[in-house]
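> here is a sequence with its predicted model. Questions after.
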Amino acid sequence: MFYGIETSKEWLADYANSTLQSYNRPTIPKTSFFALYTAVKILRHRLRYKNLDVQTVFTIDTPVSRRVAPVPPRGRPIVAICSSEHRSFQRRPSQAQVDALQQTMGKEAKWWISDDTDIDA
């Protein structure tokens with residue numbers, strides 16, 4: 001499981017580009033993987049928390065049959081703050097860092113079920 005905030009590739013690209021524009025830097029095409037990478041890198045730097053990542057997940061109430069079908073559907077993207085694995089959970093950010101991320105993204109963090117695929121697969 002992952003604890004994080006729902007997002008989209010478009011939001012991440014827009015966030016990266018608006019930040020780059022504020023520093024008079026060239027923008028990145030929204031379809032570029034580099035835009036996603038740049039957004040996460042900026043969030044990591046601003047929050048001073050290096051373990052943020054983008055994961056694809058299912059909601060807690062997703063039926064098991066949808067998660068284990070022969071070809072399970074892709075989940076939705078989140079900015080993952082930590083996972084339920086012991087090491088990740090022990091290294092989770094402070095509540096102030098989570099609050100800052102929630103304010104930046106305009107959404108609340110919650111627990112999600114991993115879909116075990118890569119966002120760019």
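That came through fine. Residues are numbered from 1 along each chain as shown.
> who touches the strand or helix carrying residue 13?
For residue 13, the host element (DSSP states H and E) is helix 9-22. Applying Cβ atoms under 8 Å, 6 or more residues apart in numbering, the contact partners of helix 9-22 are 26-28, 30-32, 35-36, 38-40, 42-43, 54, 77, 79, 104-105, 119. Placement of C-beta: from N, CA and C, glycine included.
> in helices only, show me these.
Residues of the contacts of helix 9-22 located in helices (DSSP state H): 35, 36, 38, 39, 40, 42, 43, 104, 105.
> tell me how many other residues surround the fourth one.
Same thing as residue 39. Residue crowding around residue 39 was assessed by other Cβ atoms under 10 Å; the count is 26.
> quick one: residues contacting it.
Contacts of residue 39 (Cβ under 8 Å, 6+ apart): 12, 13, 15, 16, 19.
> residue 110 now?
For residue 110, the contact set (Cβ under 8 Å, 6+ apart) comprises 3, 4, 5.
> the first one touches residue 81, doesn't it?
Put plainly, it is residue 3. Yes: Residue 3 is in contact with residue 81 according to Cβ atoms under 8 Å; the separation is 5.0 Å.
> out of these two, which sits in the busier spot?
Each of residue 3 and residue 81 has its neighbours counted (other Cβ under 10 Å); residue 81 has more, 22 against 18.
> just checking, the more buried one is part of a helix?
No: judged by DSSP: H, G, I helix; E, B strand; the rest coil, residue 81 forms no part of a helix; its state is strand.
> mind checking how far it is from residue 14?
20 Å (Cβ to Cβ, to the nearest Å).
> one more: residue 50?
Note on residue 50: its distance to residue 14, by Cβ to Cβ, is 23 Å.
> between these two, which one's more packed in?
Remark: of residue 50 and residue 14, residue 14 carries more neighbours, 15 against 11, as counted by other Cβ under 10 Å.
> can you count the residues close to residue 44?
14.
> sorry, that was for residue 74
14.
> and the one 4 residues further on, by the same measure?
As a burial measure, residue 78 scores 25 neighbours (other Cβ under 10 Å).
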